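Trainee: Sequence first, predicted coordinates after that:
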Amino acid sequence: MISGYDELNEVQLEAVKATDGPVLILAGAGSGKTRSLTYRIAYLINEKKIKSSEILAVTFTNKAAREMKERVENLLGANIASLWIGTFHSICARILRAESAQLGFTSSFTIYDSDDQVRALKKIISILSVPQQLYSAKMIQSRLSRVKNQFLFPDDLDSESGDGLDEYLPQIYREYQKFLKENNAMDFDDLLIKPIELFDQKPEIRKKYSNKFKYVLVDEYQDTNRAQYLFIKKLVLGHRNLCVVGDEDQSIYGWRGADITNILNFHKDFNDARIFKLEENYRSNGNILQAANAVVGHNTERIGKNLWTRRKKGDKITVYAAQNDMEEAKRIVDVVHEEMYTKKRSFSDIAILYRTNAQSRVIEDELRRNAISYIIIGGVKFYDRKEIKDIVAYLKLIVNPADSISLKRIVNFPLRGIGDTTISKIEKFAEMENISLFNALGRVKEISSISPAMGGRVIEFFNLISNYISLKDELSTVELASTLASETGILHHYQTEYDQYESESKVANIKELFQSIEQFTEERIKNNMESGLASFLEDVSLMADIDSWNNSNNAVTLMTLHAAKGLEFPVVFITGMEMGLLPLQRNSADISELEEERRLLYVGMTRAEENLYLSFARSRRKYASFVQSTPSLFLDEIPVDLLSYTPASREALPQKSNRGKARRKKIQSYFETSDENQVVDDTYKVGQDVYHSTFGKGKIMNLEGSGDKMKITVHFQDEGITKKLIRQYANLSPIEG
DNA sequence: CTTTATGGTTTTTTT
DNA sequence: AACCATAAAG
């Protein structure tokens, strides 16, 4: 018997012991969800004598997986290396590596990130001659990803309905999948889809995994999408030992295809499911919890729960109204100092949250000026930096020579005098010969339109990579990476091609990469796991920013509200509480999107243990100019007696409005009256004459959309051209008469 | 054929 | 302000 079950409350203990059959744990914020899950795994192993290799636990981040594993090991006092625990993506990747041959891939397939996807799509779009002006590759990528997350295939798509892109989508989808297969690559979405396909096509493989994983646990179930749902459903077919944990109020990934109905309808899928509600919050002071409850209580898409705490009420929530974003940042710094001196906080007790990454800049500047150390999660990811991606692309090509996206990324970097034209010729040749682009490089001499001099350069590159391919099993990953960086001249390039400051930071990043490879290898070897180059690359692809964060750094943490999920801090700032920002403008018109914005705020508020500071700015720099804004309607949803306004802000807050219809009307009117574009909207009509500074006089042919993003098609007589312009940037002026 | 300059376009959240 | 695609220069 493991000790410590007295750490659990009654409901938690019941939930831990309900091991067999479907179980839904509705766990409010700070209700000891992780603790319950941890004990449940320990209980299965220790009391029910289930082997750790027979348990599958799915978490939302790799960091959560690592922490949970450590906690279970501490409870058991034993190593549980054979427990499968990780994100959907990493678990699926692991299955796919093992079964890749069944799907016509090799086990060293490459995982394409969204940048790679866009590059691939660009190529396909040009081949299929999809009107590029109308649909950017980026837009198509997100559309396609959404479709794939819903486990839809080209044939499932209705090419007639919706906008013009639907006409092309099935075709793009087919070509894109074909391209991926030729490159021995899968994208993020394939990682989820392919296992399901495999389970459907080969029932014996489904059974194999079903039998292996006798107990399945899924955390953050409210953020699963359809593909993830199907994967789990097929996996537990037969034994049905499935335990899902989630909180519908914390569902914040709808935009990524997460389907809140997965959790709302769990009891319909499994009608004998036992449901446990964890409603006691151990994290936040009373006032904070009450405020958070009040906010999320305005939502309709919820099961509903009554989250309560025995903790003291604590301080009121401070609301600060700043003139502009700089002042907001200054105020944050003041309060950070105040918290440190009066309450003896350390930097690591403090988190500053915001809706969009762009907001961090001003705050960072102010923190730096005041010598407050901070770490920032998100923004430009470490592995997304150019200098890192370049080296990683070399490594990817070495592991998987079929990967033409990585090849094209580096074939002329550092500059080798091999340009686009040459590559297109080789690509054409590869297609004709039905060989990979890499193999075509080796046969460049057979292409008559390429000069011998040029061919020589190509061969040199081909030999370079071939050499590394044969070396890859002899050298360790670090050795490979560092030799590569100096031999190819990448290091030299970054040392010389930039100004000193930039150059130093880029070189430092490259060194950091080497270090993290070493760290990874050590860690993996220690745990008796796959440690080679391929596994490092997979780790890199599936790594989230939060995964490498640890709170032991003595620094203030800056991150988006999304990234804050699952974390807790004594002191939390939520900044930019303005209409248009939180809720974000484009997510405010649709009621269910507005509700997701509200949940996002709820997630942020419930991160705070003792002190919560909310702030907004009346004016904020956006792009290159200042925009005025009004306070977020969400502020209005917090009972006034829980708030303490900084003096200046009281008059800036909206009047408390009536409940019900009046309030909803108010939400709408915010967008009707406060959006000044609406007022200007009748400036532009079809047929209207306009003037443009570069194109001269023109006539409006068509209008699409509204507001800043309105697309205006104008025919310019003088130039004899027709252009589609976005209002925000177009700088058109109407001509009277 | 490659490199550089110019001008047009663009920011939501992320595995 | 920064990034990308295309056009002109080398």
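Mentor: Noted; the coordinates are in hand.
Trainee: Please count neighbours and contacts with C-alpha atoms only from this point.
Mentor: Fine.
Trainee: Assign A:Ile80 to helix, strand or coil.
Mentor: Secondary structure for A:Ile80, judged by DSSP: H, G, I helix; E, B strand; the rest coil, is coil.
Trainee: ok, for A:Arg206, nearest residue in space, not its chain neighbours?
Mentor: The shortest distance from A:Arg206 to any non-neighbouring residue, by Cα to Cα, 6 or more residues apart in numbering, is to A:Phe199 (4.5 Å).
Trainee: pull the helix or strand with minimum mean pLDDT from chain A.
Mentor: Lowest by mean pLDDT, DSSP states H and E among the helices and strands of chain A is helix A:676-680, with a mean of 32.
Trainee: name the helices or strands packed onto the helix or strand hosting the residue nearest to A:Arg206?
Mentor: Assigned by DSSP states H and E, A:Phe199 belongs to helix A:188-201. If you count contacts as 3 or more Cα pairs under 8 Å, 6 or more residues apart in numbering; DSSP states H and E, helix A:188-201 packs onto helix A:88-99, helix A:137-149, helix A:203-212, helix A:226-235.
Trainee: ok, back up a step: who touches the residue nearest to A:Arg206 in this structure?
Mentor: Contacts here follow Cα atoms under 8 Å, 6 or more residues apart in numbering; on that basis A:Phe199 touches A:205-206, A:234.
Trainee: A:Phe413 now?
Mentor: Counting by Cα under 8 Å, 6+ apart, A:Phe413 touches A:Ile490.
Trainee: Look at it and tell me its secondary structure.
Mentor: Under three-state DSSP, the three-state class of A:Phe413 is coil.
Trainee: quick one, which of the helices and strands packed on helix A:188-201 is packed in tightest?
Mentor: Here the criterion is mean neighbour count by mean count of other Cα atoms under 10 Å, and of the helices and strands packed on helix A:188-201 the winner is helix A:226-235, at a mean of 21.
Trainee: Give me the helices and strands touching that helix, please.
Mentor: Using 3+ Cα pairs under 8 Å, 6+ apart as the contact test, the elements touching helix A:226-235 are helix A:137-149, helix A:188-201, helix A:203-212.
Trainee: Flag every buried residue along the next helix or strand after the first one.
Mentor: From helix A:137-149 onward toward the C-terminus, using DSSP H and E, the following helix or strand is helix A:165-182. Burial within helix A:165-182, assessed by neighbour count using 16 or more other Cα atoms under 10 Å, is assigned to A:165-173, A:175-176, A:179-182.
Trainee: by how many degrees do helix A:165-182 and helix A:137-149 diverge?
Mentor: 80 degrees (axes from the mean of the first three to the mean of the last three Cα atoms, to 10 degrees).
Trainee: Tell me how far the residue lying closest to A:Leu437 once chain neighbours are set aside lies from A:Gly442.
Mentor: Excluding its sequence neighbours, the residue lying closest to A:Leu437 (Cα to Cα, 6+ apart) is A:Ala430, at 5.5 Å. According to Cα to Cα, to the nearest Å, A:Ala430 and A:Gly442 sit 11 Å apart.
Trainee: and A:Gln585, how far is that from A:Thr356?
Mentor: Distance, A:Gln585 to A:Thr356, using Cα to Cα: 12 Å.
Trainee: do A:Leu56 as well
Mentor: Distance of A:Leu56 to A:Thr356, given as Cα to Cα: 34 Å.
Trainee: closest to DNA strand B among the contacts of A:Phe199?
Mentor: The shortest approach to DNA strand B among the contacts of A:Phe199 belongs to A:Lys234, at 20.0 Å (Cα to the nearest atom of the strand).
Trainee: Now do the contacts for the closest one.
Mentor: Here A:Lys234 is in contact with A:196, A:199, A:206, A:210 (criterion: Cα under 8 Å, 6+ apart).
Trainee: hang on, the third one packs against A:Leu235?
Mentor: The one in question is A:Arg206. Yes. Using Cα atoms under 8 Å, A:Arg206 makes contact with A:Leu235 at a distance of 6.8 Å.
Trainee: got the residues of the stretch 101-250 of chain A near DNA strand B?
Mentor: Contact residues (Cα under 7 Å from any atom of the strand) of the stretch 101-250 of chain A with DNA strand B: A:113-114, A:136, A:188-189.
Trainee: Can you say which of these are buried?
Mentor: A:188-189.
Trainee: coming back round to it: hey, least reliable of the helices and strands packed on helix A:188-201 by pLDDT?
Mentor: Between those, the one with the least mean pLDDT is helix A:137-149; it has a mean of 86.
Trainee: Point me to the helix or strand that includes A:Ile275.
Mentor: If you go by DSSP H and E, A:Ile275 is part of strand A:274-278.
Trainee: Could you export the helix or strand following that strand as PDB, CA atoms only?
Mentor: Per DSSP H and E, strand A:274-278 leads on to helix A:286-296 as the next helix or strand towards the C-terminus. Extracted in PDB, the C-alpha atoms of helix A:286-296 (Å, rounded to 0.1, in the frame of the first residue of the first chain):
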ATOM      1  CA  GLY A 286     -11.700  33.300  -2.300                       C
ATOM      2  CA  ASN A 287     -12.000  36.600  -4.100                       C
ATOM      3  CA  ILE A 288     -10.100  35.400  -7.100                       C
ATOM      4  CA  LEU A 289     -12.100  32.200  -7.400                       C
ATOM      5  CA  GLN A 290     -15.400  34.100  -7.000                       C
ATOM      6  CA  ALA A 291     -14.400  36.600  -9.700                       C
ATOM      7  CA  ALA A 292     -13.300  33.800 -12.000                       C
ATOM      8  CA  ASN A 293     -16.600  31.900 -11.400                       C
ATOM      9  CA  ALA A 294     -18.600  35.000 -12.100                       C
ATOM     10  CA  VAL A 295     -16.900  35.600 -15.400                       C
ATOM     11  CA  VAL A 296     -17.300  32.000 -16.700                       C
END
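Trainee: which secondary structure elements does helix A:286-296 contact?
Mentor: helix A:591-605, strand A:608-622.
Trainee: how about a markdown table for those, with mean pLDDT and distance to A:Val118 added?
Mentor: Formatted as a markdown table, the helices and strands packed on helix A:286-296 follow (pLDDT from 0 to 100; distance: least, Cα to Cα, whole Å):
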| stretch | mean pLDDT | distance to A:Val118 |
| --- | --- | --- |
| helix A:591-605 | 92 | 26 |
| strand A:608-622 | 91 | 26 |
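Trainee: export those to CSV and tack on mean neighbour count and distance to A:Ala351?
Mentor: Below are the helices and strands packed on helix A:286-296 laid out as CSV (neighbours: other Cα atoms under 10 Å; distance: least, Cα to Cα, whole Å):
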stretch, mean neighbour count, distance to A:Ala351
helix A:591-605, 23, 10
strand A:608-622, 22, 9
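Trainee: Select, out of these, the one closest to A:Ile435.
Mentor: Each of these was scored for nearness to A:Ile435 using Cα to Cα, and the closest is helix A:591-605 (46.7 Å).
Trainee: and the closest one, what does it pack onto?
Mentor: If contacts are counted by 3+ Cα pairs under 8 Å, 6+ apart, helix A:591-605 sits against helix A:286-296, strand A:569-574.
Trainee: would you turn these into JSON lines with distance to A:Thr38 and mean neighbour count?
Mentor: Conversion of those to JSON lines gives the following (distance: least, Cα to Cα, whole Å; neighbours: other Cα atoms under 10 Å):
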{"stretch": "helix A:286-296", "distance to A:Thr38": "25", "mean neighbour count": "23"}
{"stretch": "strand A:569-574", "distance to A:Thr38": "21", "mean neighbour count": "23"}
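Trainee: next SSE after the helix ranked longest in chain A?
Mentor: Looking only at chain A and at elements set by DSSP state H, the helix with the highest residue count is helix A:500-526. Beyond helix A:500-526 on the C-terminal side, the first helix or strand identified by DSSP H and E is helix A:533-541.
Trainee: May I see the buried residues of that following helix?
Mentor: A:533-538, A:540-541.
Trainee: Quickly name whichever of those residues is closest to A:Ser629.
Mentor: A:Ser541 (38.3 Å).
Trainee: wait, what's in contact with the nearest residue to A:Tyr229 once chain neighbours are set aside?
Mentor: Spatially, and ignoring its direct neighbours in sequence, A:Tyr229 is nearest to A:Asn262 (7.2 Å; Cα to Cα, 6+ apart). Neighbouring residues of A:Asn262 by Cα under 8 Å, 6+ apart: A:221-222, A:224-226, A:229.
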